[in-house]
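Q: with the sequence up front, the predicted model follows.
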Amino acid sequence: MGIFFRNKVILWLSIPVLIMIAWIIYTRISISDDTDVETTYAGSAGCIDCHEKFYQLWAPSHHGLAMQTITPEFLDEHFTVLNSQPIQVDSSLFHVEILNDSLKYIERVEGLQKTYPAIYALGGKNVFYFLTPFEKGRLQVLPLAYDLNRKEWYNNPQSALRGFTNQEDEILPWKHIGFTFNTS
């Protein structure tokens with residue numbers, strides 16, 4: 001009787017876990033490689049209809065401005081002078097430019113060049129981190145962050161050492177899942 005009861009409890013406890021796993025798999029499969037990241041992020045504006053008073057209080061706060069879309073107005077407000085010198089990240093050189101009213105990260109490695117658009121800015125009190133779209137709807141934190149107090153760019157992965165393993169600290173590559181914004 002005890003074994004039967006214990007197995008029944010385990011079965012009932014595992015059903016929510018299986019449902020959650022199925023939902024995660026379904027949502028991962030339903031976001032294809034060509035999904036437009038802009039259409040998958042509803043944004044805080046979706047809260048206004050039901051919570052207008054709270055939205056008006058929250059929107060201008062540091063939390064309300066913690067994730068902003070990169071727009072020409074955002075760039076004008078925060079970057080009067082864009083002084084990005086090339087910065088070494090892993091085996092690449094990165095620098096940031098404003099091109100056609102958008103923020104672009106240019107990576108140079110072994111004679112090749114790749115451009116990453118910054119579509120969102122995170123932070124804003126002391127530092128801005130920038131996000132770029134990756135495959136399957138991922139938003140990846142770009143490797144150069146902007147220190148608002150010093151008005152300079154720096155190698156963000158270099159400042160994010162992994163110190164919780166039994167190994168010596170190591171710098172994670174900027175494309176590591178640990179720098180993927182929307183996986184947790």
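A: Yep, it's here.
Q: helix or strand for the residue lying closest to W58 once chain neighbours are set aside, which one?
A: Nearest-residue entry for W58: G64, 4.6 Å, with adjacent residues in sequence omitted and distances by C-beta to C-beta, 6 or more residues apart in numbering. Heads up, the C-betas are built off the backbone N, CA and C, glycines and all. In the assignment (DSSP states H and E), G64 maps to no helix and no strand.
Q: now do L93
A: Using DSSP H and E, the secondary-structure element containing L93 is strand 92-99.
Q: read off the pLDDT value for P157.
A: Taken from the predicted model, the pLDDT recorded for P157 is 87.
Q: leaving out chain neighbours, which residue sits closest to it?
A: Once its chain neighbours are removed from consideration, P157 has its nearest residue in W174; the separation is 4.8 Å (C-beta to C-beta, 6+ apart).
Q: which element is E73 on?
A: Element membership of E73 [criterion: DSSP H and E] is helix 72-78.
Q: next, the buried residues of that helix.
A: Burial within helix 72-78, assessed by neighbour count using 16 or more other C-beta atoms under 10 Å, is assigned to 74-75, 78.
Q: ditto for stretch 85-98
A: Applying a neighbour-count criterion of 16+ other C-beta under 10 Å, one finds 87, 89-90, 92, 94-96, 98 buried in stretch 85-98.
Q: hmm, who's touching that stretch?
A: Stretch 85-98 is contacted from outside by 75, 79, 82, 84, 103-110, 118, 143-144, 153-155, 157-158, 173-174, using C-beta atoms under 8 Å, 6 or more residues apart in numbering.
Q: helices - which of these land there?
A: Cross-referencing those with the helices (criterion: DSSP state H) gives L75 as the overlap.
Q: of the contacts of stretch 85-98, just the buried ones, PyMOL syntax please.
A: Selecting only the buried members of the contacts of stretch 85-98 in PyMOL, with burial defined as 16+ other C-beta under 10 Å, works like this:
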select buried, resi 75+79+84+103+104+105+106+107+118+143+144+153+155+157+174
